[in-house]
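# need a 3D model of the sequence below.
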Amino acid sequence: MPRYIIERDIPDIGSAERVALREAAQKSNGVLAEMKAENKSIQWEHSYVAGNKTFCVYIADDETLIHEHAQRSGFPATQVTKIRKMIDPVTAEPDA
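Below is the predicted model:
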């Protein structure tokens with residue numbers, strides 16, 4: 001399944017209290033559970049919280065599911081980017 005980065009513009013999210021972040025995660029998880037019950041393949045991996053944005057990593061069958069989740073949850077999907085490849089420090093190692 002493809003992996004996506006979702007950039008969400010959410011004013012002051014970086015200064016949100018833990019309780020607010022927990023509630024947001026619960027809302028997202030609830031929508032994801034509803035979508036799973038509808039046989040829609042979408043999964044949240046994790047998110048990074050910055051000043052006025054979050055950067056979320058999701059796995060989904062296609063980008064339309066990302067936008068559906070955003071609409072149903074109320075969390076904007078300002079920009080959605082499909083991840084083509086991943087690299088990490090091990091990528092620098094010569095082939096064995």
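# what sits closest to residue 27 if chain neighbours are left out?
Distances taken as Cβ to Cβ, 6 or more residues apart in numbering place residue 73 nearest to residue 27, at 5.7 Å, with adjacent residues excluded. Where you see a C-beta, it was placed from the backbone N, CA and C, and this is true even at glycine.
# for the record, mean pLDDT for the biggest helix by length in the chain?
Ranked by residue count, the top helix of the chain under DSSP state H comes out as helix 18-37. In this model, helix 18-37 carries a mean pLDDT of 97.
# so how far is it off the chain centroid?
Relative to the chain's own centre, helix 18-37 is displaced by 12 Å; criterion: Cα atoms, centre = their mean, to the nearest Å.
# show me what the next helix or strand after it is packed up against.
Heading C-terminal from helix 18-37, the first helix or strand you meet, by DSSP states H and E, is strand 42-49. Strand 42-49 makes packing contacts with helix 18-37, strand 53-60, helix 63-73 when contacts are defined by 3 or more Cβ pairs under 8 Å, 6 or more residues apart in numbering; DSSP states H and E.
# next, the angle strand 53-60 makes with strand 42-49.
Angle, strand 42-49 to strand 53-60, by axes from the mean of the first three to the mean of the last three Cα atoms, to 10 degrees: 160 degrees.
# please point out which parts of strand 42-49 sit buried.
42, 44, 47, 49 (16 or more other Cβ atoms under 10 Å).
# same list (those residues) but as JSON lines, adding distance to residue 29 and pLDDT.
Below are those laid out as JSON lines (distance: Cβ to Cβ, whole Å; pLDDT from 0 to 100):
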{"residue": "42", "distance to residue 29": "12", "pLDDT": "98"}
{"residue": "44", "distance to residue 29": "8", "pLDDT": "98"}
{"residue": "47", "distance to residue 29": "12", "pLDDT": "97"}
{"residue": "49", "distance to residue 29": "16", "pLDDT": "96"}
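# out of the residues you listed, what pair is the most spread apart?
Spatially, the most separated pair among these is 42 and 49, at 20.4 Å (Cβ to Cβ).
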